[in-house]
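Visitor: Prediction below, plus the sequence it came from.
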Amino acid sequence: MIWISTRWKILGMVAPALIVFTMFVVYPVGYSGVFSFTRFQGFGAPTWIGFDNYTALLQDPFFWQSLQNTIVILIVSLIVLVPSSFALALLLQRAIRGAGILRALVFGPAIIAPILVGLIWVFILDPKIGLLNRALALVGIPPVQWIGGDYLTPISVSLVFVWSSVGFAMTIFYAGLQILPDDVLEASALDGATGWQQTWNIKIPMMRETFAIVTILMITNVFKIFELVYMLTGGGPVHRSETLVSYMYFVTFTNQQYGYGMALAVIITILGALVSVGYLAAMRRKERTA
């Protein structure tokens, strides 16, 4: 019998996942990085142009508009989503009648395809046919440009994103609450700690890693928002409601500027990584000083 070392066993088990990861993640990312230094319109041979795409990108006002919209969506989503999903997890953890049904209802939007979420909310937020403006008209309030305008579109996209993601984040928080040690909570209750004191001084500190996981997932999801914008506004008017990914789709597949689109994709990847790493570094610094 031939004995295989533990190292080779581990390598054999990990190899299929590494192969798939390399084929569908590493290779496409590397391929995009190379093409970002070229001019290519989908036919013929690509022309090497160095950093010209990146220089043009920094001078593109639509890129800066899409970056601004993405940052607004990120800030609003994190401010609203993380606390609300944690509060829902705390509420649904209680032994109340129908808690299982309520958890299913809250989680429901998370399993709806994003393009369908956008379609649903078009009929709610559309300035002309939307249910929200019709409801406001009943009480004498003039119509509001919820989507497609100059200012409210990123806020509206943020709230739609929160609606579709709060159930997923709530589920992660709920699982984190379930594994907290009961003896610590019982001891604090015997010492006279109220429910708020237990939440603020025990549950939140002990779930710091869970908060980090939820935040990182939401950051990466915000940097991938495309279907919501595509269905709600199509990026208009005049690219004022674009996000980074929707603008990348426009320049790549509508304008067929593949090299320019790949440069934008590289920038999106770098920005998402920087925000995530920056958040994790801030969390670790806070843990060391605590």
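Guide: Thanks, I have the structure now. Residues are numbered from 1 along each chain as shown.
Visitor: OK, contacts around Phe51?
Guide: Contact criterion C-beta atoms under 8 Å, 6 or more residues apart in numbering gives Phe37 as the residues in contact with Phe51. Backbone N, C-alpha and C define where each C-beta goes, glycine included.
Visitor: how far away is Arg103 from Leu91?
Guide: Going from Arg103 to Leu91 by C-beta to C-beta, to the nearest Å gives 10 Å.
Visitor: In terms of neighbours, single out the busier of these two.
Guide: Of the pair Arg103 and Leu91, Arg103 is the one with more neighbours under other C-beta atoms under 10 Å, namely 18 against 14.
Visitor: Check which helix or strand the more buried one maps to.
Guide: Following DSSP states H and E, the helix or strand that holds Arg103 is helix 99-107.
Visitor: tell me what that helix is packed against?
Guide: helix 61-93, helix 153-178 (3 or more C-beta pairs under 8 Å, 6 or more residues apart in numbering; DSSP states H and E).
Visitor: Going by neighbour count, list what's buried in it.
Guide: If you call a residue buried by 16 or more other C-beta atoms under 10 Å, then helix 99-107 has these buried ones: 103, 106-107.
Visitor: Dump those into CSV; add distance to Val80 and pLDDT as well.
Guide: Listed next are the buried residues of helix 99-107 as CSV, based on distance: C-beta to C-beta, whole Å; pLDDT from 0 to 100:
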residue, distance to Val80, pLDDT
Arg103, 20, 83
Val106, 15, 87
Phe107, 18, 89
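Visitor: What about the nearest residue to Glu227 once chain neighbours are set aside, how many residues nearby?
Guide: If the residues on either side of it in the chain are set aside, Glu227 comes closest to Pro114, at 3.8 Å by C-beta to C-beta, 6 or more residues apart in numbering. A total of 20 residues lie near Pro114 under the criterion other C-beta under 10 Å.
Visitor: Okay, Pro114 and Leu274: tell me how far apart.
Guide: The gap separating Pro114 from Leu274 is 24 Å, by C-beta to C-beta.
Visitor: Chain neighbours aside, what residue packs nearest to Asp150?
Guide: On the basis of C-beta to C-beta, 6+ apart, the spatially nearest residue to Asp150 that is not a chain neighbour turns out to be Arg240, at 6.0 Å.
Visitor: and the one you found, what is it in contact with?
Guide: With contact set as C-beta under 8 Å, 6+ apart, Arg240 has these partners: 65, 149-150, 153.
Visitor: Mind telling me the two of those farthest from one another?
Guide: The largest distance within these, taken as C-beta to C-beta, falls between Gln65 and Gly149 and amounts to 13.3 Å.
Visitor: List the residue ranges of this protein that fall below the pLDDT cut-off.
Guide: Filtered on pLDDT under 70, the chain yields the residue ranges 1-5, 95, 290.
Visitor: what about the strands in it?
Guide: Shown for the chain, the strands assigned by DSSP state E span residues 38-39, 47-48.
Visitor: now the first one: how far from the chain's centre is it?
Guide: What it means is strand 38-39. Centroid displacement of strand 38-39 relative to its chain, using C-alpha atoms, centre = their mean, to the nearest Å, is 30 Å.
Visitor: Quick check: neighbours of that strand in the sheet, parallel or antiparallel?
Guide: strand 47-48 (antiparallel) (DSSP bridges).
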